[in-house]
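Chemist: got a sequence here, can you model it:
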Amino acid sequence: MPATLSLLTVAYPKEDRMKAVGMWAGTAGSGGVLGMLGSGLLLRLWDWHAIFWSLGIAGLVIFALGCTVSSSRETEASRVDWLGAVPIGAAVAIAVFAILDAPDRGWSDPLVWGGLVAGAVIAVVFGVVEFHKRHPLLDVRLFADPNFAIGVAAIVILFGATFGFFFIGMQYVQQIMGYSPLTTAIAFGPFMVPLGIFSALSFWYVPKLGLRLVLFIGTLLMAVGFACMYGLHLHSTYSQFSWPTLVLATGIGICTAPTTSAIMGAVPDEKLPPR
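Modeler: Reported below is the predicted structural model:
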């Protein structure tokens, strides 16, 4: 995803990037649902090994297509900041390990909360190290820009909500409602409609409403969608599941492109890939 956004900064001037990012966000979100549909078809015809074979083949095809992309390599690019890459990689790995172990051990287990604290401490160390480097992996001074800071915070919440919904929602539809993998993918199909529409139209409504109001409306709709899902039970119907899903998808669609554009817009042009 960072590579595709980098290509957009090379291909489009700053005034056209929000429209390009909107199309990017709609495609990315819809691709998740289309990927489920493809997986459902594979599981309908073959066993689960077929998913990995198909992804391997798709990877080779994309590799071949990638060779056709024009070079945007910077001849005087600074070296990779390994001193920064190691601590931030360790912070993320430790925190994710603690979160994944929490359902089995419980949130009060020392290994869980200790891992979360350790991840946070190492992330702070990363920030201190990067602040004093001439060519940092991440220029932490960018967080002084409200648009950048809010965009980062919102996109963390956004992706956490999206992947959390898919993880729990798919299990609910298959294991509780009894849908097959293919039927589950079809049931999630409406999710990509508001997501794609509102992502693609972000270039129109964000300048009129402003980033602050757009993010407020989007995150509010996400919260309403999740709150309505709280009422689901063992005997809920598909309609009871689908309409909160559409509310959630609308909120995600409203937020995705603006948050990404806010982050990219806050970065000075000299920190973007060369044309």
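
Chemist: point out where the stretch 51-200 of the chain drops to low pLDDT.
Modeler: Where the stretch 51-200 of the chain drops to pLDDT under 70, the residues are 71-75, 77.

Chemist: hey, where'd the helices end up in it?
Modeler: Ranges of helices within the stretch 51-200 of the chain are 82-105, 110-131, 146-171, 181-187, 192-200, based on DSSP state H, counting those that start in this stretch.

Chemist: for those, which one ends up most surrounded?
Modeler: Ranked by mean neighbour count under mean count of other CB atoms under 10 Å, the helices of the stretch 51-200 of the chain are led by helix 192-200, which reaches a mean of 21. Where you see a C-beta, it was placed from the backbone N, CA and C, and this is true even at glycine.

Chemist: for it, packing partners?
Modeler: helix 17-45, helix 238-266 (3 or more CB pairs under 8 Å, 6 or more residues apart in numbering; DSSP states H and E).

Chemist: wait, which of these is closest to Val61?
Modeler: Smallest distance to Val61 across the helices and strands packed on helix 192-200 (CB to CB): 13.8 Å, for helix 17-45.

Chemist: pLDDT of the closest one, averaged?
Modeler: When pLDDT is averaged over helix 17-45, the result is 81.

Chemist: who are the packing partners of it?
Modeler: So helix 17-45, by 3+ CB pairs under 8 Å, 6+ apart, packs with helix 2-11, helix 49-66, helix 146-171, helix 181-187, helix 192-200, helix 202-209, helix 238-266.

Chemist: gap between the closest residue in space to Val80 that isn't next to it in sequence and Lys208?
Modeler: In this structure, Val80 finds its nearest non-sequential neighbour in Leu137, 7.7 Å apart by CB to CB, 6 or more residues apart in numbering. With distances taken as CB to CB, to the nearest Å, Leu137 is found 36 Å from Lys208.

Chemist: over to Phe63?
Modeler: Phe63 sits 41 Å away from Lys208, going by CB to CB.

Chemist: repeat that for Ile176.
Modeler: According to CB to CB, Ile176 and Lys208 sit 41 Å apart.

Chemist: same thing with Gly22?
Modeler: 14 Å.

Chemist: how many neighbouring residues does Ala64 have?
Modeler: Neighbourhood size, Ala64 [other CB atoms under 10 Å]: 9.

Chemist: kindly report the same for Leu37.
Modeler: Leu37 has 17 neighbours, counted by other CB under 10 Å.

Chemist: next up, the contacts around it.
Modeler: Leu37 sits next to 182, 185-186, 189 when contact means CB atoms under 8 Å, 6 or more residues apart in numbering.

Chemist: now swap in Phe163 and tell me
Modeler: Applying CB under 8 Å, 6+ apart to Phe163 gives no contacts.

Chemist: look up how far Met170 lies from it.
Modeler: Separation of Phe163 from Met170 (CB to CB) stands at 11 Å.

Chemist: got it, and Val69?
Modeler: 33 Å.

Chemist: what's the answer for Trp243, then?
Modeler: Distance, Trp243 to Met170, using CB to CB: 18 Å.

Chemist: find the centremost residue of the protein, please.
Modeler: Phe159 (4.1 Å; CA atoms, centre = their mean).

Chemist: mind checking the SS state of the residue located most distally from the centre of the chain?
Modeler: Largest separation from the mean C-alpha position in the chain: His235, at 31.2 Å (CA atoms, centre = their mean). For His235, the secondary-structure state derived from DSSP: H, G, I helix; E, B strand; the rest coil is coil.
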